[in-house]
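Asker: Generate coordinates for the sequence data below:
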Amino acid sequence: MHRPDGGPPRALVVDDEPGITDALVSALRFDGFEVRGALAGADGLRIAEQFLPDLVVLDMMLPDLDGLEVLRRLRLGSEHVCVLFLTARDGVADRIAGISAGADDYVTKPFSLQEVLVRARALVRRAGLARSRDGNRIVVGDLVIDEDAHEVRRGANLLELTATEFALLTYLARNPRRVLSKAQILDQVWDYDFGGQGHVVELYVSYLRKKLDLGRPPMIHTVRGVGYVLKPATD
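Answerer: Numbers count the residues shown, from 1 in each chain. Sure, this is the predicted structure:
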């Protein structure tokens, strides 16, 4: 994996447990990332401002700033940075909060280092592919996806999407009017074994709808018991 400038992808780990931070920094560095670590949210934000990471592995519970607040501030500085939440909370409400705040993925503690590495690689690969393609535009009705610029417009409105939301919408748009199952979406968008967690697709579709369809004729439709389909609002 490489950045568009040819250098290694950059990762920032922010967790208040030194053992976890050190282990993740070592594992990501061994996997080819250039890595920095921080034990608090404020330190992580300072490092991110100078380091400009492609990926942030972020603990949800930090001693100074809540992980959601760190994520909010990260997004103000760079809307395209990939964010992977680490959380000891396994409740649906916490997962929804992280995703709605702009996280691209999450791992619940305790976790295996291999799982974090697989998810980290998948996130950076999706974001990198979206930035590196030349001249690719997908048009479905009044929806225009510019893969080269990593921009999405519906009509005259520019939509701000995370890397995962962009990948999900792009996959749906490449298959207009075709019903896609949760299993197909997990395989093509997340591109690793997600353990059959189809509810993750439901969450991302829900938040993508809020950005794409809010106040407009809907483009994403649920086919009950089958999956999801994207089609022009005029259909």
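Asker: rest of the way, CA atoms for contacts and neighbours
Answerer: Noted.
Asker: Residues touching the longest helix seen in the chain, excluding its own?
Answerer: Selection of the longest helix in the chain by residue count, based on DSSP state H, yields helix 113-132. Residues from elsewhere that reach helix 113-132 (C-alpha atoms under 8 Å, 6 or more residues apart in numbering): 1, 3-4, 9, 24, 27-28, 31, 54-55, 80, 82, 84, 104-105, 107, 147-150, 163-164, 167, 190-192.
Asker: switch the cut-off to 6 Å
Answerer: Here helix 113-132 makes contact (C-alpha atoms under 6 Å, 6 or more residues apart in numbering) with 147, 148, 163.
Asker: which intervals of this protein have sub-threshold pLDDT?
Answerer: The chain contains residues with pLDDT under 70 at 1-6, 79, 89-95, 127-135, 192-197, 235.
Asker: Where does residue 217 sit: helix, strand or coil?
Answerer: What DSSP: H, G, I helix; E, B strand; the rest coil gives for residue 217 is coil.
Asker: Any figure for the gap between it and residue 27?
Answerer: For residue 217, the distance to residue 27 (C-alpha to C-alpha, to the nearest Å) stands at 46 Å.
Asker: who's more crowded, those two?
Answerer: The neighbour comparison of residue 217 against residue 27 (other C-alpha atoms under 10 Å) goes to residue 27, with 17 against 11.
Asker: Chain neighbours aside, what residue packs nearest to that one?
Answerer: residue 113 (7.1 Å; C-alpha to C-alpha, 6 or more residues apart in numbering).
Asker: ok, the one you found - how many residues close by?
Answerer: Look at residue 113: counted by other C-alpha under 10 Å, it has 13 neighbours.
Asker: How about residue 19?
Answerer: Around residue 19 there are 10 residues (other C-alpha under 10 Å).
Asker: Please, which helix or strand holds it?
Answerer: helix 18-30 (DSSP states H and E).
Asker: and the gap between the most centrally placed residue in the chain and residue 73?
Answerer: Centre of the chain computed as the mean C-alpha position; nearest residue by C-alpha atoms, centre = their mean is residue 104, 2.3 Å away. Separation of residue 104 from residue 73 (C-alpha to C-alpha) stands at 15 Å.
Asker: May I ask which helix or strand encompasses the closest residue in space to residue 153 that isn't next to it in sequence?
Answerer: Distances taken as C-alpha to C-alpha, 6+ apart put residue 144 closest to residue 153, at 5.2 Å, once the chain neighbours are dropped. Secondary structure assigned from DSSP H and E places residue 144 in strand 143-146.
Asker: moving C-terminal of that strand, what's the next helix or strand?
Answerer: Assigned by DSSP H and E, the successor of strand 143-146 is strand 151-154.
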